[in-house]
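Participant: 3D model of this:
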Amino acid sequence: MSTDVLTVQSSPTDAANTHWVIQSQGTLQGKITIPGDKSISHRALMLGALAAGETTIKGLLLGEDPRSTANCFRAMGAQISELNTDHVQVQGIGLGQLQEPPEVLDAGNSGTTLRLMLGILASHPHRLFTVTGDASLRSRPMGRVVKPLQQMGAHIWGRQDNTLAPLAIRGQALQPIHYHSPIASAQVKSCLMFAGLMTTGQTIITEPALSRDHSERMFAAFGADVAVDSETCSVTVTGPAQLHGQAIIVPGDISSAAFWLVAAAIVPGSDVWIENVGVNPTRTGVLDVLQQMGAEMTLANQRLVAGEPVADIHIKYSQLRGTVIEGAVIPRLIDEIPILAVAALFAQGVTTIRDAKELRVKESDRLTAMATQLQKMGARISEQPDGLEIQGNASLQGAEVESFGDHRVGMSLAIAALNAKGITTLYQAQAAAISYPNFVATLKQLWQS
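Facilitator: Below you'll find the model as predicted:
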């Protein structure tokens, strides 16, 4: 087994800024597990902090984003043990009992932490909170959650007409609304669901399409009154709620699995098993697209773990074919579009991605980032206002590329480099730690030269 497919090097002027040097000539073989689901990890920590009694979490993601969530809720009085994958203990402070923190709450790079937390803070009366994040998060739009919260009566102030962090929130009793969201966004929906927990009456959120439903599942598990209408893409939270601590098992994150699914599908000779992957149907768009592209993939040992569907996924190298990715499937794979763009490079024919304008306001402009960096490697890829057009049958060459501080862009480029001739150097590679601290170790585990 070779361990030199990827080496990690630090910047001579900034030890925290690392780059990866990737030189590939081999295949991927073996069986792996992946980090816990990031979305579920965030919600388990938040609900555990708000619930009465103790919550235990097994399989928590140890990335930087969940650490930001834990630190914010510790600052407001919740007792959260040291984070690890085996057993995290959360002693809840009780719904409505969060303390006013003496310091500014820092969400780091985590949009999920900041957006979901706004719904919680806005509904805690007689407290003043200030929230911020890193430079990337401070540039990302918060108006999509601030405006509906203001319709509920929230008092929120911030930069650029209250749409950018830092944000100040004066908590108070809110009024229930029926919000028709213009976008299918689990973050918008979940923010308002959290606000509805302490709001008397029915808070209803209707989306144009179903977004991931981890909040609905976990709210119900903690004892909240939640009703889902799949026909109208609506969810109703009836408050005020009574939450009780739970034992949570976090499945593997399908967004992390997606890197290895694509790597195995495009690197000749590869044969990979990924165990304990969450296959919630609101998240499995990446599996649907890979199957329609012709990937040789099967799901085994399908089961329910703490209310979430889980399976082991087996995938082998196969000749993929181009496809169109658009419409209702987009919310189910929005985070996987960067790695699906890599898959498309090695498919036969053209792949077109549409309706993905949301990617322009992630940790980076992911459409621009993927197009410009893959072009450096020789890809024929053109950027569209809401997507990408990708010519298949690519012959990539190693190049110097960068992640723009975006974990999903960085890891997607690293997978592309596995099918490139020569050496690829990826700058700002440390961003992978946001969601996948063990990415390099997993690659080395799988790599056969």
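
Participant: which residues in the stretch 301-449 of the chain form helices?
Facilitator: Here the stretch 301-449 of the chain has its helices, by DSSP state H, counting those that start in this stretch, at 337-345, 366-376, 407-417, 439-446.

Participant: ditto for the stretch 151-300 of the chain
Facilitator: Under DSSP H, counting those that start in this stretch, the stretch 151-300 of the chain gives helices at 159-162, 186-197, 214-221, 254-266, 285-292.

Participant: could you dump those to JSON lines with mean pLDDT?
Facilitator: Shown next, in JSON lines, are these (pLDDT from 0 to 100):
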{"stretch": "helix 159-162", "mean pLDDT": "96"}
{"stretch": "helix 186-197", "mean pLDDT": "98"}
{"stretch": "helix 214-221", "mean pLDDT": "96"}
{"stretch": "helix 254-266", "mean pLDDT": "98"}
{"stretch": "helix 285-292", "mean pLDDT": "98"}
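
Participant: Same list (those helices) but as JSON lines, adding distance to Ser435.
Facilitator: (C-beta placed from N, C-alpha, C; glycine too.) Listed next are these as JSON lines, based on distance: least, Cβ to Cβ, whole Å:
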{"stretch": "helix 159-162", "distance to Ser435": "27"}
{"stretch": "helix 186-197", "distance to Ser435": "15"}
{"stretch": "helix 214-221", "distance to Ser435": "15"}
{"stretch": "helix 254-266", "distance to Ser435": "7"}
{"stretch": "helix 285-292", "distance to Ser435": "15"}
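
Participant: now the angle from the helix or strand of the chain with the lowest mean pLDDT to helix 407-417?
Facilitator: None of the helices or strands of the chain scores lower by mean pLDDT, DSSP states H and E than strand 6-10, at a mean of 89. Inter-element angle recorded for strand 6-10 and helix 407-417: 130 degrees (by axes from the mean of the first three to the mean of the last three Cα atoms, to 10 degrees).

Participant: by contact count, what packs against the helix or strand that strand 6-10 is followed by?
Facilitator: Per DSSP states H and E, the first helix or strand lying C-terminal to strand 6-10 is strand 18-23. The contact analysis (3 or more Cβ pairs under 8 Å, 6 or more residues apart in numbering; DSSP states H and E) places strand 18-23 against strand 6-10, helix 407-417, strand 423-427.

Participant: how about the helices of the stretch 151-300 of the chain, which one is nearest Glu100?
Facilitator: helix 186-197 (17.8 Å; Cβ to Cβ).

Participant: what distance separates the closest one from the centre of its chain?
Facilitator: 16 Å (Cα atoms, centre = their mean, to the nearest Å).

Participant: tell me what that helix is packed against?
Facilitator: Using 3+ Cβ pairs under 8 Å, 6+ apart, helix 186-197 sits against helix 38-50, helix 111-122, helix 143-151, strand 201-206, helix 214-221, strand 234-239.

Participant: make it 10 Å
Facilitator: helix 38-50, helix 111-122, helix 143-151, strand 178-180, strand 201-206, helix 214-221, strand 225-229, strand 234-239 (3 or more Cβ pairs under 10 Å, 6 or more residues apart in numbering; DSSP states H and E).

Participant: Next, format those as TSV and append mean neighbour count and distance to Ala247.
Facilitator: Converted to TSV, the helices and strands packed on helix 186-197 look like this (neighbours: other Cβ atoms under 10 Å; distance: least, Cβ to Cβ, whole Å):
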stretch	mean neighbour count	distance to Ala247
helix 38-50	28	10
helix 111-122	26	22
helix 143-151	20	30
strand 178-180	15	32
strand 201-206	19	27
helix 214-221	21	10
strand 225-229	15	19
strand 234-239	21	23
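
Participant: Between the ones you listed, which one is closest to Ala306.
Facilitator: When the helices and strands packed on helix 186-197 are compared by Cβ to Cβ, helix 214-221 sits nearest Ala306, at 7.4 Å.

Participant: ok so, going back, the helices and strands packed on strand 18-23: lowest mean pLDDT?
Facilitator: Mean pLDDT is lowest for strand 6-10 among these, at a mean of 89.

Participant: Nearest to His42, out of the helices of the stretch 301-449 of the chain?
Facilitator: Nearest of the helices of the stretch 301-449 of the chain (Cβ to Cβ): helix 407-417, 14.9 Å.

Participant: Who are the packing partners of the closest one?
Facilitator: By 3+ Cβ pairs under 10 Å, 6+ apart, helix 407-417 packs against strand 18-23, helix 254-266, helix 337-345, helix 366-376, strand 400-402, strand 423-427, helix 439-446.

Participant: so how far is that helix off the chain centroid?
Facilitator: Computed by Cα atoms, centre = their mean, the chain-centroid distance of helix 407-417 equals 15 Å.

Participant: Same question for stretch 130-150.
Facilitator: Counting by Cα atoms, centre = their mean, stretch 130-150 is centred 17 Å from the centre of its parent chain.

Participant: Quick one: end-to-end length of that stretch, please.
Facilitator: 16 Å (Cα to Cα, to the nearest Å).

Participant: Might you report the residue contacts of the residue lying farthest from the centre of the chain?
Facilitator: Most distant from the centre of the chain: His126, at 32.3 Å, with distances by Cα atoms, centre = their mean. By Cβ atoms under 10 Å, 6 or more residues apart in numbering, the contact list for His126 reads 100, 170-173.

Participant: In three-state terms, label it for me.
Facilitator: At His126 the chain is in coil, as set by DSSP: H, G, I helix; E, B strand; the rest coil.

Participant: Could you report the pLDDT at it?
Facilitator: pLDDT, His126: 94.

Participant: For Gly196, see how far away it is.
Facilitator: Distance of His126 to Gly196, computed by Cβ to Cβ, to the nearest Å: 19 Å.
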